[in-house]
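# Return a 3D structure for these sequence lines:
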Amino acid sequence: MNIKSLIHWGHDQLDVAKSIDFVGPLALRIYLFFVFWTAGNNKLAGFEGTVEWFGNTEWGLGLPFPELMAFLATWTEIIGAVLLLVGFATRYIAIPLMVTMLVAIFAVHWPYGWQAVADLQSPGVTDATHEAIERLGRARDILREHANYNWLTDGGRYSFVVSNNGIEWGVTYFVMLLMLFFNGAGKYLSIDYWIKAKYRPQD
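Here you go, the predicted structure:
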């Protein structure tokens, strides 16, 4: 078998996976459902605090019309989560959800760099990362001295980390939404697919 034949054979094998290519969008939708459902309900449960955080210029986001902005962000996430889960209006709801991610990236997480969790082995290490790791080390020393550290970490099964609050997760969710925006909810296991099959079968 020559190189050309081998390449064709490889492509043929990969093409078999196209019959289940709906699994990818479905996985993205289920994953993002939990992300936005949790975020939206957390905002709703503490809505007064959410409004204050949106509007406060000293320690919050300093956004105009904080009541309206908090309302829109909260219900975009809650309703968007449900729409993603069932695969209805997926490409449409991806747009406002991407906007919420952009607001989170630039208004909340941007000053802290890339990393979501401080880790010297990850990209985007800054002086703040080194400082966070130093503080984490000191905190672990205190726990080892004054607490049952083996129980707290379950013999190494769990470990303590420091949130760096960077843009990593926001960018990750944005990219996942971008994929759904361009490619849709996927075949078979989405309402969008069956609506399109009924009303636009020629596409």
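# any idea where the helices of the chain begin and end?
If DSSP state H is used as the criterion, the helices of the chain fall at 3-15, 23-45, 47-55, 66-86, 90-103, 127-146, 149-152, 168-183, 191-199.
# Can you list the buried residues in the fifth one?
For helix 90-103, the buried set under the neighbour-count rule, 16 or more other CB atoms under 10 Å, comprises 90, 93, 94, 96, 97, 98, 100, 101, 103. Heads up, the C-betas are built off the backbone N, CA and C, glycines and all.
# Find the nearest non-adjacent residue to the fourth one, please.
Spatial nearest neighbour of residue 96, chain neighbours left out: residue 76 (4.9 Å); criterion: CB to CB, 6 or more residues apart in numbering.
# how much space between that neighbour and residue 159?
Note on residue 76: its distance to residue 159, by CB to CB, to the nearest Å, is 34 Å.
# Comparing these two, which shows the higher neighbour count?
Taking other CB atoms under 10 Å, residue 76 and residue 159 do not tie; residue 76 has more neighbours (18 against 10).
# doesn't residue 94 make contact with the more buried one?
No. The criterion here is CB atoms under 8 Å, and residue 76 misses it with residue 94 at 11.0 Å.
# show me the contacts for the residue nearest the centre of the chain.
Geometric centre of the chain, nearest residue: residue 173, 3.2 Å, by CA atoms, centre = their mean. Neighbouring residues of residue 173 by CB atoms under 8 Å, 6 or more residues apart in numbering: 32, 35, 101.
# now with 10 Å?
28, 31, 32, 35, 36, 39, 97, 98, 100, 101, 104, 105 (CB atoms under 10 Å, 6 or more residues apart in numbering).
# and which of those residues is nearest to residue 190?
Using CB to CB, residue 28 comes nearest to residue 190 of these, at 11.3 Å.
# Hmm, residue 179 and that closest one touching each other?
Yes. Contact criterion CB atoms under 10 Å: residue 28 and residue 179 qualify, at 6.3 Å.
# who's more crowded, these two?
Comparing residue 28 with residue 179 by other CB under 10 Å, the one with more neighbours is residue 28, at 21 against 14.
# For that one, report the pLDDT, please.
On pLDDT, residue 28 comes in at 98.
# Number the residues from 15 up from this point.
In the new numbering, first residue 15, that becomes residue 42.
# thinking again about what came up before, any idea how far residue 63 is from the residue nearest to the centre of the chain?
From residue 187 to residue 63 the distance is 22 Å (CB to CB).
# How is the chain divided into domains?
Domain assignment of the chain by automatic domain parsing yields the ranges 36-125+181-217, 128-179.
# Could you list the low-pLDDT ranges of the protein?
15, 217 (pLDDT under 70).
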